[in-house]
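# this one's structure only:
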Ligand code: MG
């Protein structure tokens, strides 16, 4: 398995590869053929940024049967797609800002697929080959606004509503990894990525029939059961077995 991050060094963002010896700076995004810069540092000394700069964030709604049951809806026959604007992105340890328009903001711990190749209407093999790696995400949702609005754009689209990180995991078998979301240290969502209704290859192929996927784009693959509200002062963590922990803090609108 290889792991890549984005980090800040002397005020500038860089991509890097995480190794047991330390972090090696890279000349560009790891999905291109890129060279080491010669710079090396230690992970604990770095400000870690969100590891992707997507042109779009595609999300899948209701992709775990247990989550469909808790919403009182059927498992969809085809994937449900929606988008979050790239302005929702934040990195590990960044703050999720509670919007003043909402009284109910939920966490949704999710696995996200990172695209490594430009594809449009690929065959299933090309779609599979376009998967660069996997990252942890939190599809933060203003549930009251999602319910009151015909479209989900407002409830899903506030700035800071898409924490992603800390590392992109590459050359891994997704297998049956545990996914867990914790609120203030208490487990709230516990499932396994093997419980998805539509698997990652199907989702990439499906999305690429609709829109051109570009390197660095991400697809959030849906959340298991156990979604619930957060309030300012809370700490939320999403962990996927072997992929790290994505931690963020909830702050009031003015903070
Ligand atoms: Mg979601």
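Received the coordinates, thanks. Owing to the predicted nature of the structure, the values given are computational and were not obtained by experimental measurement. Numbers count the residues shown, from 1 in each chain.
# in the stretch 51-200 of the chain, which spans are strands?
Taking DSSP state E, counting those that start in this stretch as the test, the strands found in the stretch 51-200 of the chain are 57-61, 80-84, 89-90, 95-97, 105-107, 109-115, 131-138, 141-142, 162-170, 178-183, 186-192.
# next, format these as TSV and append mean pLDDT, mean neighbour count and distance to the ion.
Bear in mind the C-beta positions are built from the backbone N, C-alpha and C, glycine included. Below are the strands of the stretch 51-200 of the chain laid out as TSV (pLDDT from 0 to 100; neighbours: other CB atoms under 10 Å; distance: least, CB to the ion, whole Å):
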stretch	mean pLDDT	mean neighbour count	distance to the ion
strand 57-61	96	25	6
strand 80-84	96	18	9
strand 89-90	98	22	15
strand 95-97	98	20	14
strand 105-107	98	24	9
strand 109-115	98	27	6
strand 131-138	98	25	9
strand 141-142	98	24	7
strand 162-170	98	26	10
strand 178-183	98	20	11
strand 186-192	97	16	11
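# need the ones you listed in JSON lines with distance to residue 231, can you?
Shown next, in JSON lines, are the strands of the stretch 51-200 of the chain (distance: least, CB to CB, whole Å):
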{"stretch": "strand 57-61", "distance to residue 231": "23"}
{"stretch": "strand 80-84", "distance to residue 231": "22"}
{"stretch": "strand 89-90", "distance to residue 231": "18"}
{"stretch": "strand 95-97", "distance to residue 231": "11"}
{"stretch": "strand 105-107", "distance to residue 231": "8"}
{"stretch": "strand 109-115", "distance to residue 231": "17"}
{"stretch": "strand 131-138", "distance to residue 231": "15"}
{"stretch": "strand 141-142", "distance to residue 231": "13"}
{"stretch": "strand 162-170", "distance to residue 231": "17"}
{"stretch": "strand 178-183", "distance to residue 231": "10"}
{"stretch": "strand 186-192", "distance to residue 231": "13"}
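# nearest spatial neighbour of the closest residue to the ion within the chain, skipping sequence neighbours?
Nearest to the ion, among the residues of the chain, is residue 139, at 3.4 Å (CB to the ion). Using CB to CB, 6 or more residues apart in numbering and skipping residues adjacent in sequence, the residue nearest residue 139 is residue 108, 4.0 Å away.
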